[in-house]
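[1] Sequence first, predicted coordinates after that:
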Amino acid sequence: GARISPYFDSLLVKVTAWGRTLRGAAARMDRALREFRVRGVATNIDFLLNLLNNETFLSGKATVNFINEHPELFELPRRQDRGTKVLKYLANVIVNGHPDVKYVDRRRNELFRKPKVPRHPAGADLPKGTRDIYLEKGAEGLVEWLHQQESIQYTDTTLRDAHQSLFATRMRTYDMIQMARSYAYHHGGELFSMEVWGGATFDVALRFLKESPWERLAMLREAIPNVLFQMLLRGSNAVGYAAYPDNLVERFIEKAHETGIDLFRIFDSLNWVDNMRVSIRKVREVGAIAEACICYTGDVSDPNRKKYDLQYYLDLARRLEDEGAHIIAIKDMAGLLKPRAAEVLIPALREAVSVPIHLHTHDTSSIQAATYLKAIDAGVDVVDVALASMSGLTSQPNFNSIVAMMQGHRRERPVNLRSLNRFSNYFEAVREYYYPFETELRAGTAEVYEHEIPGGQYSNLRPQARALGLEDKFDLIKENYKAANELLGDIIKVTPSSKVVGDLAMFMTANGLTKEDILERGETLDFPDSVKALLRGDLGQAPGGFPKRLVEVVLKGEKPYTDRPNAHLEPVDFEKELPAFYERFGDHYDERDFLSWKLYPKVFEDWHRHREEYGDVWFIPTPPFFYGLSPNEEILVSLEKGKTIIVRYLNMTEPNEQGNRLVFFRLNGQARAIEVHDKSLEVEVVRHRKAERPNEVGAPLQGNLARILVKPGDEVGVNTPLFVIEAMKMESTITSPMEGVVREVVLPEKTLVEQGDLVIVLEPKGQ
């Protein structure tokens, strides 16, 4: 607990160890040094640990040239210090709240139930599932097996689309992993597949939950090895909102398959087959299952809805089969497929194509169970469902109820309903944690047939309106969503095209514009970038094209292109860019993280900074992750198998003159204090900018900035000395972490700096 000032003697503490042999004494010293925790100043502990484990030293053969002959002694390991980082994260949430949680109901939090995971025998063999069939027979063999099944098959969307549609994709890996192995044991032999990845989960995991989506997939794959995993892939948009180079999408598919995805549900937001072709072919090339989507809109049972009639869907299905689709999915993203329409569409598709049909819908209208019954009677092969407590409304139909409905039916797929109900009870308790993100739709609505808002978008639309100060005009936003769709020519609406319709609807609402205003005054309006991008052709081509007048007023003379947007993009140079990525962010990342950065550069950089400061946070239980801890509340945090820490929050001080609070904990019984700046306070304190980006070099310790060794414009390499800090009667030379040019020297010499204060900004080489 001792505090060390910048003027403290450089000898902090002396440690003496003894033993019967040199190796015995070294082992004791190793143990003692590993238990030291010195923070805020540089120490030589890591060097000493390397020394104590060097075989030449341990054998007593070290000479006067020993250090010169063993430069590896200075290759210091990357320290995790996960316990401290957990405390830092919790302390920040306790003081400042979670940035993604806009309101906290403390009384509600006190009533949280502890979710109960259904038991399963530890170490028991898992039942044989569809993934076992796929691994044994390959994609073609799995499809042939599906053809032979008389019973209806189920895809469980609980871990992906269900929570994306109900509470804005916020379910954390922690809550998934708790139940995963048990679910594999109880239901692994009863499911066709589980949708666990893709769509918005990739973005939200990094942006809001501060998790690696790749690590989530790998952990789920390890826990559930017997069921097919599927993901939602946005064709040329991968898991993003724009077009990406083809070779980037192809590499993404490779890595997703290697990490655990077996079935890729591929769609294009405008049903443009050209945008799906590259993905379908790559999925087949890696040996995975290609499920190509028909995004459904309109109403094939209504003869007055002529743009998307039955023939349109049949022609599209034939083209997708010709492109190599193993399975055709009907992606009914807004829940518009009525029971009578299912009776028309499913038999016609079965006549038109020879591959299995997989039906996906959202229960926004609350009648989609009837649609499923009609589709099952008509011969659909697989339907998407969600566990009862995660179903209905903007999510998928109720798995448990569908199973009960099918009992005694000629196509019944036997499922242990009692066990299924137990897992529903687990998620019922888990769902309570996510109340700030819940959609405010409380009942099914027939309005969906008017506005056609996709289920996955509906849960995000009201928070967006709230952020723009338009929540009181939500009914008008829904009306304008319909109007915006009509302006755009009645397009297919699914991410990312649905986002464009939503952006235009918000724009119209915020500015009090009608359809007529847009067309008459459009030349004088600055439209959202997403609207310009759509009409420019960045997302591909819509059936029948876009209305000419709207294109004119939005693009204002800019010529749209009619070929694939990816054709205008330079391929990614992996050989050049991957090493640069490692140099910038560190070699503890891998190629999958590089792909995350290419898809979401700013989001990845923010996540990287968060991880550097707080470490991994996925293993923190969900209530303290979002809401912090109450005084004297104690939690267990399992950092990894066999390593669990006990954290008890005690209290915090009033803010000091700098606006900082001390937050007191007990970590495994030992008192710890974490200093956190209270962001709600306005204090006039001289604060230096903090080093936050990889190209920003900050002070690693508190002290006096003794000398600046470079000036703007100087070229530097890795380990080029940049500046010297004087602290504790010793000088520390700080070196460059990368090759580049000095862009800015932020602080002058003789400045007193705090740990993390920004001193030098570099321009990385090649930028």
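    Now that the structure is in, tell me what you want to look at.
[2] Please, which helix or strand holds the residue lying closest to residue 531 once chain neighbours are set aside?
    The shortest distance from residue 531 to any non-neighbouring residue, by Cβ to Cβ, 6 or more residues apart in numbering, is to residue 504 (5.3 Å). Placement of C-beta: from N, CA and C, glycine included. Using DSSP states H and E, residue 504 sits within helix 497-510.
[3] For that helix, list every residue counted as buried.
    Residues of helix 497-510 classed as buried by neighbour count (16 or more other Cβ atoms under 10 Å): 497-509.
[4] who does it touch, helix- and strand-wise?
    helix 455-467, helix 474-487, helix 529-536 (3 or more Cβ pairs under 8 Å, 6 or more residues apart in numbering; DSSP states H and E).
[5] Compare the mean pLDDT across the ones you listed and name the weakest.
    Note on the helices and strands packed on helix 497-510: helix 455-467 shows the lowest mean pLDDT, a mean of 81.
[6] What is the end-to-end distance of stretch 723-738?
    Using Cα to Cα, to the nearest Å, the end-to-end distance of stretch 723-738 comes to 15 Å.
[7] for the protein, which helix is longest?
    Longest helix in the chain by number of residues, with DSSP state H as the criterion: helix 130-148.
[8] Give the buried residues for it.
    Going by neighbour count (16+ other Cβ under 10 Å), the buried part of helix 130-148 is 130-134, 139, 142-143, 146.
[9] how about a markdown table for those, with distance to residue 347 added?
    Rendered in a markdown table, the data for the buried residues of helix 130-148 read as follows (distance: Cβ to Cβ, whole Å):
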| residue | distance to residue 347 |
| --- | --- |
| 130 | 25 |
| 131 | 30 |
| 132 | 32 |
| 133 | 27 |
| 134 | 28 |
| 139 | 26 |
| 142 | 24 |
| 143 | 20 |
| 146 | 18 |
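[10] Determine which two of those residues are furthest apart.
    132 and 143 (15.3 Å; Cβ to Cβ).
[11] Could I get the full set of helices for the stretch 1-150 of the chain?
    Ranges of helices in the stretch 1-150 of the chain, per DSSP state H, counting those that start in this stretch, are 22-34, 45-52, 55-58, 66-69, 82-96, 106-110, 130-148.
[12] Identify all contacting residues around the longest one.
    Residues lying outside helix 130-148 but in contact with it, judged by Cβ atoms under 8 Å, 6 or more residues apart in numbering, are 153, 191-193, 225-229, 262, 284, 287-290, 326-327, 355-356, 381-382.
[13] Repeat that for the fourth one.
    Outside of helix 66-69, the residues within contact range by Cβ under 8 Å, 6+ apart are 56-57, 73.
[14] what do you get if the cut-off is 6 Å, keeping everything else the same?
    Residues from elsewhere that reach helix 66-69 (Cβ atoms under 6 Å, 6 or more residues apart in numbering): none.
[15] Now it: average pLDDT?
    88.
[16] distance between it and the chain's centre?
    Distance of helix 66-69 from its chain centroid, counting by Cα atoms, centre = their mean, to the nearest Å, is 46 Å.
[17] Please export the alpha-carbon coordinates of it; CSV is fine.
    Extracted in CSV, the C-alpha atoms of helix 66-69 (Å, rounded to 0.1, in the frame of the first residue of the first chain):
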residue,chain,number,x,y,z
PHE,A,66,27.1,-13.1,-19.2
ILE,A,67,24.7,-10.3,-19.9
ASN,A,68,26.3,-9.3,-23.2
GLU,A,69,26.2,-12.9,-24.3
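[18] so what's the backbone phi/psi at residue 740?
    Note on residue 740: backbone dihedrals following degrees, to the nearest 10 are phi 170, psi -160.
[19] does it really touch residue 763, like I thought?
    Yes: taking contacts as Cβ atoms under 6 Å, residue 740 lies within contact range of residue 763: 5.1 Å.
[20] okay, those two: which has more neighbours?
    residue 740 (23 against 17; other Cβ atoms under 10 Å).
[21] Quickly note the distance from the more buried one to residue 574.
    21 Å (Cβ to Cβ, to the nearest Å).
[22] hmm, back to that, with mean neighbour count and distance to residue 405 as new columns, can the helices and strands packed on helix 497-510 be given to me in CSV?
    CSV is the format used below for the helices and strands packed on helix 497-510 (neighbours: other Cβ atoms under 10 Å; distance: least, Cβ to Cβ, whole Å):
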stretch, mean neighbour count, distance to residue 405
helix 455-467, 20, 21
helix 474-487, 20, 31
helix 529-536, 20, 40
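[23] Including distance to residue 180, could the ones you listed go into JSON lines?
    JSON lines is the format used below for the helices and strands packed on helix 497-510 (distance: least, Cβ to Cβ, whole Å):
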{"stretch": "helix 455-467", "distance to residue 180": "23"}
{"stretch": "helix 474-487", "distance to residue 180": "37"}
{"stretch": "helix 529-536", "distance to residue 180": "36"}
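[24] list the contacts for the residue sitting nearest the centre point of the chain?
    What sits nearest the mean C-alpha location of the chain, by Cα atoms, centre = their mean, is residue 205, with 2.2 Å. The contact partners of residue 205, taken as Cβ under 6 Å, 6+ apart, are 211, 213.
[25] 10 Å instead, please
    Neighbour list for residue 205: 169-173, 197, 211-217, 596, 603, 607, 618 [criterion: Cβ atoms under 10 Å, 6 or more residues apart in numbering].
[26] just residue 347 next, same as before
    Residue 347 makes contacts with 375, 377-380, as judged by Cβ under 10 Å, 6+ apart.
[27] just those now: which is nearest residue 246?
    residue 380 (32.4 Å).
[28] My understanding was that that closest one contacts residue 330; is that so?
    Yes: counting by Cβ atoms under 10 Å, residue 380 touches residue 330, with 8.2 Å between them.
[29] quick one: residue 354 from residue 288, how far?
    Using Cβ to Cβ, residue 354 is found at 20 Å from residue 288.
[30] Out of these two, name the residue with the larger neighbour count.
    More neighbours surround residue 288 than the other of residue 354 and residue 288, with 24 against 9 (other Cβ under 10 Å).
[31] tell me the pLDDT at that one?
    Predicted confidence (pLDDT) for residue 288: 99.
[32] do residue 17 as well
    Listed pLDDT for residue 17 reads 94.
[33] Repeat that for residue 9.
    Confidence score, pLDDT, at residue 9: 60.
[34] my read is residue 744 is in a strand, agree?
    Yes: counting by DSSP: H, G, I helix; E, B strand; the rest coil, residue 744 falls inside a strand.
[35] now it, nearest residue through space, not along the chain?
    Nearest residue to residue 744, sequence neighbours excluded (Cβ to Cβ, 6+ apart): residue 761, at 4.2 Å.
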